[in-house]
Each structure stands twice: as C-alpha cells, then as structure tokens.
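1. would you be able to build a 3D model of this:
(one chain, ligands or ions: 1)
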Amino acid sequence: MEVSGVQTYQDHLRTGTQRLRAAGIDEASHEVRLMMMAASGLSRTGLISAEADIVPEDIAGRFDEMLRRRQERQPLQHILGTTEFYGLEFACDARALIPRPDSETVVEAALRLVPEDAAMMIADLGTGTGCLLAALLANRPQLRGVGVEASPQAASLARENLSRLGLEDRASVFEGSWADWQDWHAAGLIISNPPYIASAEIAVLAPEVRTHDPMSALDGGADGLEAYREIIGRARQYLKPGAWLVFEIGHDQKEAVSGLMESAEFAEIGASKDLGGNDRAVWG
Ligand code: GLN
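-> The predicted model follows:
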C-alpha cells in the first residue's frame with residue numbers, strides 16, 4: 001500500500017474492495033466507497049467524477065487506516081463516525097449501541113400513539129446515542145424529553161447528538177439508572193430499546209456487534225427479559241394512567257413481553273414488525 005500516492009481513486013476503490021472481501025465483508029464495494037468519501041470529503045458524485053484522478057497522499061493514508069480498521073471487523077459506523085437514523089445524522093462510536101434501521105419501527109409506533117399536537121414529556125430509558133428520543137422530538141415540535149442513561153460515556157454521546165440536532169432546548173439527559181430516575185409520573189410516553197439478548201446468545205452475534213457495541217446495551221440476562229421485567233415493574237408502580245410504554249423487542253419476544261405487560265395490567269397492547277418482517281415493537 002506504500003505506492004498509494006501514485007494511484008487513482010479507481011485503483012484505491014478496487015484494491016480496497018479486494019481487501020474487505022478477503023476479510024469476509026459482503027458489502028465491500030459499497031463500504032469502500034463510503035470510506036473514500038469520508039477520507040476525501042468528496043460527495044458521491046464528486047467521487048465518481050474524480051475516479052481517474054491521482055489520490056493525494058494524506059487522503060490515501062486516511063483511507064488505508066479506515067480499511068485496516070474495517071479488516072479487523074470494527075463496525076463501519078464507528079470508522080465513519082456517523083450514521084443515519086430516521087433521516088437524521090448521529091455521531092456514533094464505541095460509547096453507545098449503533099443505531100439500527102430496525103429501531104425505526106419503534107419510532108413509527110410511538111409517533112402513531114402520540115397525538116400530533118400533544119405537548120407531553122417523553123422519556124427514553126437507556127437512550128444510548130439518543131437516537132429514539134431525537135427522532136421523536138425532531139418529528140414532534142411540541143414534545144419535550146429526557147434520555148435516561150446509566151453509562152456516563154453513552155450519556156455524553158447522547159448530549160452531543162441532541163445538541164448537534166438542535167434539540168438541547170427540549171431534551172435533557174439524566175445520567176443514572178432507571179431506579180435513580182424519579183420522574184415517571186411526569187411522562188406521557190416511555191420508550192425504550194433495552195438490552196434484550198439472552199446472555200448465552202451473545203457469543204453468536206457478529207464480531208462487529210459482540211466486540212464493539214457496549215455489552216450493557218445488549219445483555220438482557222439469562223432469558224433476555226430482565227430489563228423488560230424491571231421497566232414494566234416500575235411502570236406499574238409509577239407510570240400515570242393513560243401514558244404509553246413502547247418497547248423495542250427481539251424478534252422472538254413478542255409473546256413474552258406482551259405477556260409481562262398484560263400481567264402488569266397494561267391495556268391496548270399491540271405490536272408491529274420491522275421491514276424484515278420480524279416482530280420489533282410492543283406497546284401498551
Ligand atoms: N438489535 C440489537 C442487535 O442486533 C440488539 C439490541 C438490544 O439488545 N437492544 O444485536
């Protein structure tokens with residue numbers, strides 16, 4: 001790779017794709033293009049028109065370093081430093097779970113439940129990057145919200161994202177556990193994508209997830225349902241009547257989570273699927 005200074009963008013895209021394919025990455029050519037755009041600052045079309053140009057050495061160096069990290073199976077989103085969720089751009093790194101397209105299902109469910117003009121307070125338990133909270137606030141100017149986050153690292157990332165999206169006037173981050181947070185009675189909607197992978201299943205997750213997403217955002221205890229039990233237990237005690245609770249769930253947890261909500265006397269329990277056809281959101 002030392003000769004990279006005299007290679008064209010096209011050369012780099014080709015050899016980069018080969019390197020990632022060899023590392024077992026399926027979407028290699030797509031990912032390589034995104035990395036080159038980030039390394040060079042070129043837009044998608046800018047890169048297409050520059051393909052026959054020689055790549056300056058500093059860009060080649062940055063691109064090479066990105067490839068090296070991706071070959072180690074670091075997640076693309078960490079390497080790029082941002083990812084898109086519900087049409088918004090979020091800063092994204094090892095401090096919190098990477099926003100997933102599947103979680104957009106949870107945002108849609110919540111938007112359907114909350115009346116267009118409702119001026120309520122919402123809370124996102126385990127906010128991570130802040131993506132669920134920010135997506136809701138960005139789409140409903142009347143809402144105010146709090147992201148509850150026990151990890152100080154994730155809390156700092158959530159604050160960064162809320163301010164980069166211009167939402168800091170309507171949103172705050174409470175740094176502490178779900179047990180520390182005392183404002184249940186004030187919330188009209190609680191939303192959460194809690195850790196829901198059964199501990200024994202962690203080992204079979206993709207290396208990007210297993211070694212680069214925070215374990216506290218994934219591990220849901222022996223049966224994957226611990227966080228749901230805790231949140232539903234607290235909601236039963238402290239949530240005001242008429243408020244909604246909306247969860248992201250694992251694809252095989254619809255019956256279990258709706259069952260827990262039924263036992264806690266939630267009404268109007270419903271569920272929806274993600275774009276892949278898997279059960280992904282449960283509410284009541
Ligand atoms: N959907 C995540 C995954 O892919 C899990 C997130 C969670 O546990 N909340 O692995």
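2. let me know the pLDDT of the residue of the stretch 1-150 of the chain found nearest the ligand.
-> The stretch 1-150 of the chain approaches the ligand most closely through Arg100 (5.4 Å), counting by CB to the nearest ligand atom. Placement of C-beta: from N, CA and C, glycine included. Arg100 carries a pLDDT value of 97.
3. in this structure Asp102 contacts Lys273, no?
-> No - using CB atoms under 8 Å, Asp102 makes no contact with Lys273, being 9.8 Å away.
4. which one's more surrounded, those two?
-> Counted by other CB atoms under 10 Å, Asp102 and Lys273 do not tie: Asp102 has more neighbours, with 17 against 14.
5. what is in contact with Asp102 and Lys273 at once?
-> Residues touching both Asp102 and Lys273 (CB atoms under 8 Å, 6 or more residues apart in numbering): Arg280.
6. residues near the residue of the stretch 1-150 of the chain closest to the ligand, how many?
-> By the measure other CB under 10 Å, the count of residues near Arg100 is 18.
7. over to Glu175?
-> Glu175 has 18 neighbours, counted by other CB under 10 Å.
8. how about the one 5 residues further on?
-> Applying other CB under 10 Å, we find 10 other residues in the vicinity of Asp180.
9. got a list of what it touches?
-> Residues counted as contacts of Asp180 (CB under 8 Å, 6+ apart) are Phe174.
10. give the helix, strand or coil label for it.
-> With DSSP: H, G, I helix; E, B strand; the rest coil as the basis, Asp180 sits in coil.
11. can you give me phi and psi for it?
-> Asp180 adopts backbone torsions of phi -70, psi -30, taken as degrees, to the nearest 10.
12. please export the C-alpha coordinates of the worst-scoring helix or strand of the chain on mean pLDDT as PDB.
-> Using mean pLDDT, DSSP states H and E, the weakest-scoring helix or strand in the chain turns out to be helix 207-212, at a mean of 94. The C-alpha trace of helix 207-212 is given here as PDB (Å, rounded to 0.1, in the frame of the first residue of the first chain):
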ATOM      1  CA  PRO A 207     -18.000  -9.700  15.600                       C
ATOM      2  CA  GLU A 208     -18.800  -6.100  14.900                       C
ATOM      3  CA  VAL A 209     -21.700  -6.300  17.500                       C
ATOM      4  CA  ARG A 210     -20.100  -8.600  20.000                       C
ATOM      5  CA  THR A 211     -16.800  -6.800  20.400                       C
ATOM      6  CA  HIS A 212     -17.700  -3.200  19.600                       C
END
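13. buried stuff in that helix?
-> 208-209, 212 (16 or more other CB atoms under 10 Å).
14. which ones among these also lie next to the ligand?
-> When CB under 6 Å from any ligand atom is applied, the members of the buried residues of helix 207-212 adjacent to the ligand are Val209.
15. between the buried residues of helix 207-212, which is nearest Asp252?
-> Asp252 lies nearest to Val209 out of those, by CB to CB, at 17.2 Å.
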